[in-house]
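S.K.: Sequence and predicted model, in that order:
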Amino acid sequence: MQLEIRNYYEVLLMEILSDEGLMDELPEDYLADLSCITLNQLPVRYIRHLVDTYFFEDYNELAQMKNEIQTALEKSRAFLKKRNIERMREHD
């Protein structure tokens, strides 16, 4: 038996990355690292059906979740930028 469950934070993060145009601009490896680092900072909220989530969703709760994602995303980008700078210094 295979269950159809997903982490709602992951769904929202992918929507944000797409809305900001980052899915098309950034290399796939960087996006994967960015997504993992961001999601590791967030709680997990499992859902079965995305359509059910939209129906039962509270606007304030959704706004809070998106704010949490934006904060984690900014921290993740800063972390990766710092790591890339450090790597460049090591190679010089």
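M.R.: All right, it came through fine.
S.K.: so where's this structure uncertain?
M.R.: Residue ranges of the chain with pLDDT under 70: 1-2, 52, 55.
S.K.: Let me see the ranges of the helices in this structure.
M.R.: Along the chain, counting by DSSP state H, helices occupy 8-19, 22-25, 28-40, 50-56, 59-91.
S.K.: any residues touching the shortest one, and which ones?
M.R.: What it means is helix 22-25. Here helix 22-25 makes contact (Cβ atoms under 8 Å, 6 or more residues apart in numbering) with 14, 17, 31, 34. The way it works is simple: take the backbone N, C-alpha and C, and place the C-beta from them, glycine included.
S.K.: Dump those residues into JSON lines; add neighbour count as well.
M.R.: Shown next, in JSON lines, are the contacts of helix 22-25 (neighbours: other Cβ atoms under 10 Å):
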{"residue": "Met14", "neighbour count": "13"}
{"residue": "Leu17", "neighbour count": "20"}
{"residue": "Leu31", "neighbour count": "15"}
{"residue": "Leu34", "neighbour count": "19"}
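S.K.: Out of the residues you listed, which comes closest to Ala72?
M.R.: Among these, Leu34 lies closest to Ala72 (Cβ to Cβ), at 10.2 Å.
S.K.: check contacts around the residue nearest to the closest one when sequence neighbours are not counted.
M.R.: Nearest residue to Leu34, sequence neighbours excluded (Cβ to Cβ, 6 or more residues apart in numbering): Ser76, at 5.4 Å. Counting by Cβ under 8 Å, 6+ apart, Ser76 touches 34, 37-38, 41.
S.K.: at 10 Å instead, please
M.R.: 33-41 (Cβ atoms under 10 Å, 6 or more residues apart in numbering).
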